[in-house]
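S.K.: just to be clear, the model below is a prediction. Sequence and coordinates:
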Amino acid sequence: MSNIIDGRMLAKKMNQQTTDMVSELKSRGTSPCLAVIIVGNDQASHRYVRSKNKKATQLGIKSIVKEMPEETSEQEVLQVLDEYNNDDKINAILIQSPLPKHINEKYVMSKINPEKDVDGFQVINSGKLFLNEPTNYPVACTPKGIMTMFNEYGIELKGKKAVVIGRSTIVGRPMAALLINAGAEVMVINHYVSNISDYTKDADIIVSATGKLHTVTENDVKDGVVIIDVGQNVDENGKLVGDVDYDDLRSKASYITPVPGGVGPMTIATLMRQTVELAKWSEK
């Protein structure tokens, strides 16, 4: 039977630490502030932004939410972004994805001040991550949260064989970089490979972020593997599940994350922590 990595418990612990950090910063005259820009009518995005706003307020972080209609032009978004980039009272900026199709999302994201890029997606910060720069900079929140999980549960990475399934700029690529920086031997694949077990069977650590049911089954792994499931899918019974066959894999894995209750809570907790870190790093 595997050890379940409890993301909810760890997120609660992180949030308490973040609250303490906010209090310490405020005692020095620094008030962490997160600004979110959301454009359009995507209901899932609006729910997610409301969740972020609520959590920030609970932790003592000032939260600004700028809602813009679907027909907003790219130039109008850039004008708001420029205002936030130059506002010393705003420490962290997040542009909620997806943006409407008539807006060049990649271009707009590139215009975020790297020192306020709370999502860690800005090209300068991504470059620092891949170069393993020994300085302070934000990192994509889901992979950063997963690294916190590894550390909290004492999971050794140095010299281990890690397979990352998924190559997105949000999870897969920054996750691979973090694992490489930690000394792991890393392979990145996707769910299009013909026989996934050719790559995963000898892995010590598997991180799956495909958004595809049954990406990893019990026949694809060895005993004692560590499995981090980033996927969120709905099965044939309408139940929220991950990428991996959780019930079958629990008997083989040494550690495994559930869905829900695993990586998800850590992503928001890490976003809040990184907001406060950006405020701390901005202190003169």
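M.R.: Everything's here; your move. Residues are numbered from 1 along each chain as shown.

S.K.: number of nearby residues for V65?
M.R.: Number of residues near V65 (other C-beta atoms under 10 Å) recorded here: 17. For every residue, glycine as well, the C-beta is placed using N, CA and C.

S.K.: centre of the chain to the host helix or strand of it, how far?
M.R.: Secondary structure assignment for V65, by DSSP states H and E: strand 62-68. Its chain's average C-alpha position is 20 Å from that of strand 62-68, according to C-alpha atoms, centre = their mean, to the nearest Å.

S.K.: what's that strand in contact with?
M.R.: 31-40, 49, 52-53, 56-57, 76-77, 80, 90 (C-beta atoms under 8 Å, 6 or more residues apart in numbering).

S.K.: what do you get for stretch 9-21?
M.R.: Residues from elsewhere that reach stretch 9-21 (C-beta under 8 Å, 6+ apart): 55, 58-60, 148-149, 152, 265-266, 268-270, 272-273, 276, 280.

S.K.: swap the cut-off to 7 Å and go again
M.R.: 59-60, 149, 152, 265-266, 269, 272-273, 276 (C-beta atoms under 7 Å, 6 or more residues apart in numbering).

S.K.: may I see the buried residues of that stretch?
M.R.: Within stretch 9-21, the residues that count as buried by 16 or more other C-beta atoms under 10 Å are 10-11, 14-15, 18-19, 21.

S.K.: any idea how far the longest helix seen in the chain is from the chain center?
M.R.: Longest helix in the chain by number of residues (criterion: DSSP state H): helix 7-27. Put simply, helix 7-27 sits 17 Å off its chain's centre (C-alpha atoms, centre = their mean).

S.K.: and for stretch 163-181?
M.R.: The answer for stretch 163-181 is 11 Å, by C-alpha atoms, centre = their mean.

S.K.: in this protein, which helix or strand is least confident?
M.R.: strand 233-234 (a mean of 92; mean pLDDT, DSSP states H and E).

S.K.: from F130, how far out is I180?
M.R.: Distance check for I180 against F130: by C-beta to C-beta, to the nearest Å, it reads 8 Å.

S.K.: ditto for M109
M.R.: Distance from M109 to F130, counting by C-beta to C-beta: 17 Å.

S.K.: contact partners of the helix or strand following the longest helix of the chain?
M.R.: Per DSSP H and E, helix 7-27 leads on to strand 33-39 as the next helix or strand towards the C-terminus. By C-beta under 7 Å, 6+ apart, the surrounding residues in contact with strand 33-39 are 45-46, 49, 52, 56, 61-68, 72, 77, 80-81, 84, 89-96, 99-100, 103, 118, 275.

S.K.: ok, now with 8 Å
M.R.: Contact partners of strand 33-39, identified using C-beta under 8 Å, 6+ apart, comprise 45-46, 49, 52-53, 56, 61-70, 72, 77, 80-81, 84, 87, 89-96, 99-100, 103, 118, 275, 279.

S.K.: rewinding a little: now list the buried members of the contacts of strand 62-68.
M.R.: Buried members of the contacts of strand 62-68, counted by 16+ other C-beta under 10 Å: 32-40, 49, 52-53, 56, 77, 80, 90.
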